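Q: no sequence on this one, just coordinates:
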């Protein structure tokens with residue numbers, strides 16, 4: 001089942017879960033993604049950080065997570 005929802009309509013719990021999930025992938029699973037998927041993931045993360053600027057922050061620059 002696909003749930004379509006405008007991302008600006010997420011409640012705080014949904015935002016938190018999305019942030020936790022994406023950060024887990026970013027910090028623990030990024031190296032398992034192919035190069036194209038890594039770039040897509042970083043692009044998606046950047047979009048979320050623009051929508052939810054206070055929630056989506058990392059200590060490292062996002063491009064530092066990309067495969068060398």
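A: That came in fine, so what should we check first? All values derive from a computational prediction rather than experimental measurement.

Q: How about residue 10, nearest residue that isn't a chain neighbour?
A: Distances taken as C-beta to C-beta, 6 or more residues apart in numbering place residue 18 nearest to residue 10, at 7.0 Å, with adjacent residues excluded. All C-beta spots, glycine's among them, are computed from the backbone N, C-alpha and C.

Q: now that neighbour, what's its secondary structure?
A: Here residue 18 is recorded as helix under DSSP: H, G, I helix; E, B strand; the rest coil.

Q: residues of the helix or strand hosting residue 40 that come out buried?
A: Assigning secondary structure by DSSP states H and E places residue 40 in helix 35-51. Across helix 35-51, burial judged by 16 or more other C-beta atoms under 10 Å covers 38, 41-42, 45, 48-49.

Q: between the residues you listed, which is nearest residue 29?
A: residue 41 (9.3 Å; C-beta to C-beta).
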